[in-house]
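In: Requesting a structural model of the entry that follows:
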Amino acid sequence: MAKVKLPDKPRVAIYTRVSTLHQIDKDSLPMQRQDLINYARLILNTEDYVVYEDAGYSGKNTDRPKFQEMMQQVRLGMFTHILVWKIDRISRNLLDFATMYSELKQLGVVFVSKNEQFDTSSAMGEAMLKIILIFAELERNMTSERVTAAMLSRAANGQWNGGRVPLGYDYDPETKTFTVNESEAAVVKIIHDKYEQERSLVSLARYLNGHGYRTRTGCTYSPSTLLIILRNVFYCGDYRYNVLKDGDRQKRKKESEWITVKDHHPAIISREQKEEIARILKENRRLECERRGIYSKKKNVHVFGGLVICGNCGHAMTSTIRPADQDGIRWSVYVCPTKRRSEYLCKGRATSEVVLGEFVFNYILNMLNVQKNFDSINSVEDMEKMLLSGSTFRDVDGIERAGLDDLYNMLASGLTEKAPFDSSVEVRKKPVVSDIELENLNTEKTRIERAAERLQNLYLYSDDSISQKDYIIQREKLMSQLAEVNEQIGMVMSNADEKDVSDEEFVHAASKFILTQKLEGRTYIYYKRLATTVSREVLRSFVMSIIENITIYDGRVQTIVFKNGLSHTFILK
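Out: Take a look at the predicted model:
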């Protein structure tokens, strides 16, 4: 980092922070501010200062608005000193503070802590800073461990550690006890009883929503919401704590780490029914995984995934996979998630990849033929007939006029390069040797940067810390190597052909070329045959590169919007 020009006279950035509103009310911020202003005037001998305050922010990291604003000003060379009331006002995290301090050293800015009575312009002050940082980090970690231990102890003693009160219960904060909410408990019983009968979360959601049941927030029930209720052992009177991992709340800890208090509160569901439901859920999960091939390493590619919209309700349709057909092929199915929750909310039907693919690719084929034979087309009506030729479109009465006019005018004006599938574009990939060379240089750059980071950590924190002289010599050597590598990377990049394209662009263009060659000279496309002769990845890349979205109404294609702005809406019989 280049060292900026600092003011000729001392100019101080004063930083204050408190964690809670209670501290603000107790005048902690005004006290810090006045203390530091007096210090700047009397000790640093300057009236030139700016105060930055973060109220109600934790010191666990430096993600605070006024701190970030101050650091931006420091990087611009606006201050010679940073003054704080106490070092933990900046951060309680050793790594965050070390990063900031390293930056201040490079900029030539002095760090001063009024309460610890040191400033880093002296060797003693810098040594004291390192010692205090270590103990600040230790204190934070010990505090975290004490809080965790206290909460585990509370849970083991049957005390609730807070959170959302489960449906069917009320919580009294004064007596710290749970009581059954009879009206909600009736819904909980229906959920459990009906699932035992239906054995399907989707069917259960449809039943509840169709009969007017709603969540506490007034929303419809979804399969995922119902799954949480059905899995929760709270409903059979048990309190379970410490189940999910702290860093990843989607994963569970080992069962030996769980804390379970039996008969903690009144039960709504019997243990026997809960165990049976757990067995059904587990069995359904196993069957669903087998059906979807989740246990297989082969990833399913949904050719039209993310493009399909339900014309009945306007929601994006989700992609699922069907069991293998008689040929052993597993086709995608596109389903409206609103319909899955309730047939009363959406009447839209699902559609299969085969039906969708047959329609879309034959329409693309007809558009290619229109583009190729446009000289023989005399009117918009002639073009419409050619676009709808083939048995695939027997249920289509026509195409809305606005979309037809747009395509006709585009082709009539000679703007064929704007057509959705121009296969004439030449695509060249970068020479492999350049890619390999660039990759090796980037690897070397990463190695040098890591070495510099390790050197800095050794200098700042290691028990066998190296001397300042050795640190400077070693660092300069690494920086020199890094500058050389960066220069070589720049030369490789500048020698690259300006016409080269990215990997993503190359895949899209190659997919267009392959597909248009496959469609060349055809009068009809059998999608099943096409999908078995061309990889799903190529089909998806081709579709994604030319189509913006596809609207499905009652299981049939209603509108296709292309990337170039063309939008064709079909008049269905």
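In: hey, let's count contacts and neighbours off CA atoms from now on
Out: OK.
In: Could you report the separation of the closest residue in space to Ser270 that isn't next to it in sequence from Leu208?
Out: Leaving aside its sequence neighbours, Ser270 sits nearest to Cys236 (Cα to Cα, 6 or more residues apart in numbering; 5.5 Å). Per Cα to Cα, to the nearest Å, Cys236 is found 22 Å from Leu208.
In: Quick one: list the elements packing against the helix or strand hosting Leu407.
Out: Here Leu407, judged by DSSP states H and E, is contained in helix 401-412. If contacts are counted by 3 or more Cα pairs under 8 Å, 6 or more residues apart in numbering; DSSP states H and E, helix 401-412 sits against helix 380-387, strand 567-572.
In: Which of the three states applies to Phe111?
Out: Secondary structure for Phe111, judged by DSSP: H, G, I helix; E, B strand; the rest coil, is strand.
In: from what I can see it touches His81, true?
Out: Yes. Judged on Cα atoms under 8 Å, Phe111 makes contact with His81 at a distance of 5.8 Å.
In: what residues do these two have in common as contacts?
Out: Common neighbours of Phe111 and His81, using Cα atoms under 8 Å, 6 or more residues apart in numbering, do not exist here.
In: residue contacts, the residue nearest to Ser270?
Out: Contacts for Cys236 (Cα under 8 Å, 6+ apart) come out as Asp263, Pro266, Ala267, Ile268, Ile269, Ser270, Arg271, Lys274.
In: From His264, how far off is it?
Out: Applying Cα to Cα, the value for Cys236 to His264 is 9 Å.
In: so Tyr52 touches Ile14, yeah?
Out: Yes. Tyr52 is in contact with Ile14 according to Cα under 8 Å; the separation is 6.0 Å.
In: out of these two, which sits in the more crowded spot?
Out: Applying other Cα atoms under 10 Å to Tyr52 and Ile14 shows that Ile14 carries more neighbours, namely 22 against 17.
In: Just give me how far whichever helix or strand that one is part of sits from the chain centre.
Out: Using DSSP H and E, Ile14 maps to strand 12-18. The chain centroid and the centroid of strand 12-18 are separated by 34 Å under Cα atoms, centre = their mean, to the nearest Å.
In: Okay, now the sheet partners of it, with direction.
Out: Strand 12-18 pairs in its sheet with strand 49-55 (parallel), strand 81-84 (parallel), by DSSP bridges.
In: and those strands, which is most packed in?
Out: strand 81-84 (a mean of 24; mean count of other Cα atoms under 10 Å).
In: I'd like the average pLDDT over that strand.
Out: Strand 81-84 carries an average pLDDT of 93.
In: tell me which residues in the next helix-or-strand element following that strand are buried?
Out: Next in sequence after strand 81-84, counting helices and strands by DSSP H and E, comes helix 94-107. Using 16 or more other Cα atoms under 10 Å as the test for burial, helix 94-107 gives Leu94, Phe97, Ala98, Tyr101, Glu103, Leu104, Leu107.
In: Between those residues, which sits nearest Leu227?
Out: Relative to Leu227, the closest of these is Leu94; by Cα to Cα it sits at 41.6 Å.
In: and after the lowest-mean-pLDDT helix or strand in the chain, which helix or strand comes next?
Out: Least confident helix or strand, the chain: helix 21-25 with a mean of 50, by mean pLDDT, DSSP states H and E. Scanning forward in sequence from helix 21-25 by DSSP H and E, the next helix or strand is helix 28-42.
In: could you say what helices and strands that next one packs with?
Out: In terms of contacts (3+ Cα pairs under 8 Å, 6+ apart), helix 28-42 is packed against strand 12-18, strand 49-55.
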